[in-house]
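**Q** my questions concern the predicted model and sequence given below.
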Amino acid sequence: MIIFLYGEDDYSSRQKLNEIINKYKAKHKTGLNFIMIDFSEQDFDKLKTAAETSPMFKEKKLIVLMNAFRKSASWQKELAGYLKEKKTEKDGDIMMVFYEKQTPDKRVELFKFLTKKPNTSQEFKNLGGAKLENWIKQEVEKNNGKIEIMAVKKLAMFVGANLWQMKNEVEKLIAFRGDDAIKIEDIDVLVKAKIEPNIFETVDALSKRDKKEVLRLLHQHLSRGEKTEYLMAMFIRQFRNLLIIKDLIEKGIPYYGLAQKTGLHPFVVKKTFEQANNFTLENLKKIYNKLLDLEIAVKTGRTDSKTALDMLAMGV
């Protein structure tokens with residue numbers, strides 16, 4: 001059988017993966033037939049050996065496969081062909097779990113195969129709006145804390161969809177407040193906002209093709225101690241928001257309907273709506289794809305994140 005977990009909310013997808021692994025380990029105590037393969041470090045032969053070797057003690061085999069979509073298109077096609085040939089999806093003795101931290105290109109053959117029945121696939125989308133606020137309330141309750149409703153809303157605005165950071169912030173706030181409810185002023189004091197005004201300013205400079213100003217602002221971010229990985233993630237998030245807003249505008253959705261449609265905070269909608277006028281939809285797609293390519297180049301070691309940011313500034 002094959003399970004495919006993917007999507008931008010890598011906190012929730014990782015929780016699901018851990019749940020599958022823990023259930024397997026509870027049933028198969030030896031752990032000798034649990035294999036994890038990271039394709040950014042290992043290759044096809046590792047999978048073939050794992051899949052084609054008879055399991056010990058007649059236990060079911062669990063193979064977790066990560067980062068398959070970081071490989072080349074031809075490699076992915078070969079993998080899809082191998083899985084089809086072996087009819088792995090119908091093999092009751094092997095459970096393969098494909099895990100991706102992002103949403104892969106849905107047009108490629110491997111994605112189509114993994115999301116086709118009888119395989120089980122689940123996409124984990126970033127939470128926003130009421131869903132994110134409900135998650136915060138549940139996380140606070142799970143940790144035996146209390147929080148005021150306005151503090152929930154402000155925390156959602158400050159941190160956004162990064163549930164890894166959100167979990168840490170919730171734990172920090174509960175530790176600070178103890179038995180008392182977390183208040184809105186606690187968010188101002190203890191939580192660093194994800195909405196950095198200079199991020200919007202830098203995107204404005206990018207829209208005007210002002211390379212000198214973009215470089216100045218980027219190095220201003222770095223001088224404040226902000227990590228290049230964080231900046232890259234912020235730019236990817238903002239250009240994703242721009243693509244979504246621009247697409248809705250071109251479909252005739254009025255301004256007042258954008259926040260409801262997207263689940264974005266009104267402040268982000270306002271700034272993004274203003275910036276969307278400076279780009280065409282095609283323009284945004286090119287920049288967003290360039291950002292994703294640069295992110296992959298950083299993660300695979302082909303370049304470092306500081307160089308990637310400079311390439312973004314000079315290449316837009």
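**A** Okay, I see it. Numbers count the residues shown, from 1 in each chain.

**Q** buried residues in stretch 41-60?
**A** For stretch 41-60, the buried set under the neighbour-count rule, 16 or more other Cβ atoms under 10 Å, comprises 46-47, 50-51, 55, 59-60. Heads up, the C-betas are built off the backbone N, CA and C, glycines and all.

**Q** then stretch 125-145?
**A** Across stretch 125-145, burial judged by 16+ other Cβ under 10 Å covers 126-128, 132-133, 135-137, 139-140, 145.

**Q** K116: how many residues sit nearby?
**A** A count of nearby residues for K116, using other Cβ atoms under 10 Å, gives 12.

**Q** next, the contact list for the residue sitting furthest away from the middle of the chain, please.
**A** The centre of the chain is farthest from one residue, F57, which by Cα atoms, centre = their mean lies 37.8 Å away. By Cβ atoms under 8 Å, 6 or more residues apart in numbering, the contact list for F57 reads 30, 32-33.

**Q** can I assume G252 sits in a strand?
**A** No. Counting by DSSP: H, G, I helix; E, B strand; the rest coil, G252 is not found in a strand; it is coil.

**Q** F4 belongs to a helix?
**A** No. Using three-state DSSP, the assignment for F4 is strand, not a helix.

**Q** any idea how far it is from D10?
**A** Using Cβ to Cβ, to the nearest Å, F4 is found at 14 Å from D10.

**Q** quick one: stretch 6-22 to chain centroid distance?
**A** Distance of stretch 6-22 from its chain centroid, counting by Cα atoms, centre = their mean, to the nearest Å, is 11 Å.

**Q** buried ones in it, by neighbour count?
**A** By 16+ other Cβ under 10 Å, the buried positions in stretch 6-22 come out as 6-14, 16-17, 20.

**Q** so which of the residues you listed are in strands?
**A** Assignment to strands by DSSP state E places the following of these there: Y6.

**Q** what's the most distant pair in the buried residues of stretch 6-22?
**A** Comparing every pair within the buried residues of stretch 6-22 by Cβ to Cβ identifies E8 and I20 as the most remote, at 19.7 Å.
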